[in-house]
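Peer 1: Provided below are the primary sequence and the corresponding predicted coordinates.
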Amino acid sequence: MHTQGRRWAALGVIALAQFVVIMDTSIIGVALPQMAADLGFSASGLQWVFNAYVVAFAGLLLLGGRLSDLFGARRVFAAGWVLLLAGSVVSAVATGAGVELAGRAVQGAGSALIAPAALTLLMALFGGTPALPRALALYGAAAPAGGTAGVFLGGVITEWLSWPWIFWLYVPIALAALAVTPALMPNVPGRRGGVDVLGAATVTGGLALAVLGVVRAPEVGWSSGTTLGTLAGAVLLLIAFVGIQALLRTPLVRLGIFRTPLLGTANLAQLLLGAAWVPMWFFLNLYLQQVLGYGAFASGAALLPMTVLIMVLMVGVAPRLIARFGTKPLIVGGLLALAAGLVWLAQARATGNFVVDVLPASLVAALGQALAFIPSLGTALSAARPEEGGLAAGIVNTSYQVGSALGLAAMTAVAASYGAAAVGDPVQLTAGYAAAFYGAAGIAVAGAGLLAVTFRPQAALSPEGETAPTEPAPVR
């Protein structure tokens, strides 16, 4: 039995895990030019320092969730930290592009084990208790904190040390997490079953091809044979994945889980949030650095107000609003607020400044993200059966990461077609970034409309851990 103090200490390690896996997507951004010069990356190949991690992370999350259910969440959580540690060392000592990408892929695989296991452990510690909404809020707040810390630390480390230290940073963090995991984390038992290796291979390959096709489309053409062939291959692999899951007795994903009330719509909300939010964060950082002329340190500092607001709202406000208004109004309203902030950001000027063109719009967008994230995450996790907690965690993490990867790839293509490739021309860059903000706003508005129609929650978690009705049951 976990004492109250040990439970919250364990949550601290779980939140650290979420902080680290998100930080790993953002910390390399400022260092990319130095890495290109030292490792021989081409201009088109450099983006795969980011994508190698994200594709491995998103593609293997379902497998990570399944392994967590089979072998126990604590064991898989520790194994993920070992892989993240190994990938970090390989990335730090790499002397060529191929080795660097391999290291980043191993880091992504480690994160794919850590993330669903962490959520399973959180539910084992706090599920069914009055503290669950607050625990989910603290976990959720770790994500934007990790994203901002990555930009900030990446700039400081690159400026004062060198890019390999970005990866050496993970070594003491991973060792500390491994040291405390046996004592702090509950021993969630596994259950018997097989590992669907073919399913894991097809879903990972399908997601990788989808991201590759969208990322390369602006360069080779959307109607080119390369783009159409790559996207067709992605569709075929994902169809094959679904077919494999339907045939196997012990599949990677039990397809029947999607008949669970609310699970599909809650995951749709997470996918659309990732698709709208991550491009906003990515292009806002580029606007600050390439148009307003901010350095890495100043750019990271400029994102702090947005991050602080998200953390305050997620931890102190969102659980109370869920209890009062229910999940659906917060998710739909949050997506609309995110869209409003994005449209506001699209008005930023090439001769603008932070106080007028960035701060108020970014805070509105942060408000929307904070309102929608916690209720959709909590609904997705609570909808599954307890013995499928790892699978549910893998699905919801996959939804957000796939949305992030595809949303960023698509908005990168939109931005490039409207002028974002014109480095050194603030007017063209601003026009390209504005197009990306408008595109992300369109995703958020479409998401709000879809969820307004399809999301039919019956109850939501209150801060007291009881269920509070969010809308009346239908009359039959």
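Peer 2: That came through fine.
Peer 1: measure how buried Arg259 is and give me the count.
Peer 2: Neighbour count of Arg259, defined by other C-beta atoms under 10 Å: 9. For glycine as for every other residue, the C-beta is placed from the backbone atoms N, C-alpha and C.
Peer 1: just the pLDDT at it, thanks.
Peer 2: Note on Arg259: pLDDT of 72.
Peer 1: also the one 10 residues further on?
Peer 2: Taken from the predicted model, the pLDDT recorded for Ala269 is 88.
Peer 1: equivalent analysis for Glu464, please.
Peer 2: 38.
Peer 1: adjust the sequence numbering to begin at 17 for everything that follows.
Peer 2: Fine by me, first position is 17 from now on; the one you just mentioned is Glu480.
Peer 1: name the helices or strands packed onto the helix or strand where Ala396 lies?
Peer 2: Assigned by DSSP states H and E, Ala396 belongs to helix 375-399. Helix 375-399 sits against helix 148-176, helix 279-302, helix 320-328, helix 334-341, helix 343-361, helix 405-431, strand 475-477, with contacts defined as 3 or more C-beta pairs under 8 Å, 6 or more residues apart in numbering; DSSP states H and E.
Peer 1: how about the ones you listed in TSV, adding distance to Thr246?
Peer 2: Converted to TSV, the helices and strands packed on helix 375-399 look like this (distance: least, C-beta to C-beta, whole Å):
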stretch	distance to Thr246
helix 148-176	28
helix 279-302	19
helix 320-328	35
helix 334-341	39
helix 343-361	28
helix 405-431	12
strand 475-477	41
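Peer 1: select, out of the ones you listed, the one closest to Leu55.
Peer 2: Evaluated with C-beta to C-beta, the helices and strands packed on helix 375-399 place helix 148-176 nearest to Leu55, the distance being 14.2 Å.
Peer 1: so which elements touch whatever helix or strand comes next after the closest one?
Peer 2: For helix 148-176, the succeeding helix or strand toward the C-terminus, using DSSP H and E, is helix 180-184. Applying 3+ C-beta pairs under 8 Å, 6+ apart, we find helix 180-184 packed against helix 89-109, helix 148-176.
Peer 1: which of those has the lowest mean pLDDT?
Peer 2: Mean pLDDT is lowest for helix 148-176 among the helices and strands packed on helix 180-184, at a mean of 78.
Peer 1: ok and it relative to helix 334-341, angle-wise?
Peer 2: 140 degrees (axes from the mean of the first three to the mean of the last three C-alpha atoms, to 10 degrees).
Peer 1: run the chain-centre distance for helix 148-176.
Peer 2: Remark: helix 148-176 is offset 12 Å from the chain centroid, using C-alpha atoms, centre = their mean, to the nearest Å.
Peer 1: so what does that helix touch, helix or strand wise?
Peer 2: helix 20-42, helix 113-142, helix 180-184, helix 312-318, helix 320-328, helix 334-341, helix 375-399.
Peer 1: circling back to that earlier point, next, the angle from the helix holding Ala396 to helix 334-341.
Peer 2: Helix 375-399 and helix 334-341 meet at an angle of 70 degrees, taking the same axes, to 10 degrees as the criterion.
Peer 1: quick check: buried residues in helix 375-399?
Peer 2: Across helix 375-399, burial judged by 16 or more other C-beta atoms under 10 Å covers 377-399.
Peer 1: follow-up on the earlier one: which of the helices and strands packed on helix 148-176 has the lowest mean pLDDT?
Peer 2: helix 312-318 - the lowest mean pLDDT of the helices and strands packed on helix 148-176, at a mean of 75.
Peer 1: residues of that helix that come out buried?
Peer 2: Buried-residue list, helix 312-318, by 16+ other C-beta under 10 Å: Ala312, Ser315, Gly316, Ala317, Ala318.
Peer 1: now do stretch 318-336
Peer 2: 318-319, 321-327, 329-331, 333-335.
Peer 1: swap in stretch 443-450?
Peer 2: Per 16+ other C-beta under 10 Å, stretch 443-450 contains these buried residues: Gln444, Leu445, Thr446, Ala447, Gly448, Tyr449, Ala450.
Peer 1: okay if I get the residues you listed as a markdown table plus distance to Leu135, pLDDT and secondary structure?
Peer 2: Formatted as a markdown table, the buried residues of stretch 443-450 follow (distance: C-beta to C-beta, whole Å; pLDDT from 0 to 100; DSSP: H, G, I helix; E, B strand; the rest coil):
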| residue | distance to Leu135 | pLDDT | secondary structure |
| --- | --- | --- | --- |
| Gln444 | 42 | 88 | helix |
| Leu445 | 38 | 88 | helix |
| Thr446 | 39 | 91 | helix |
| Ala447 | 40 | 91 | helix |
| Gly448 | 36 | 91 | helix |
| Tyr449 | 33 | 91 | helix |
| Ala450 | 36 | 94 | helix |
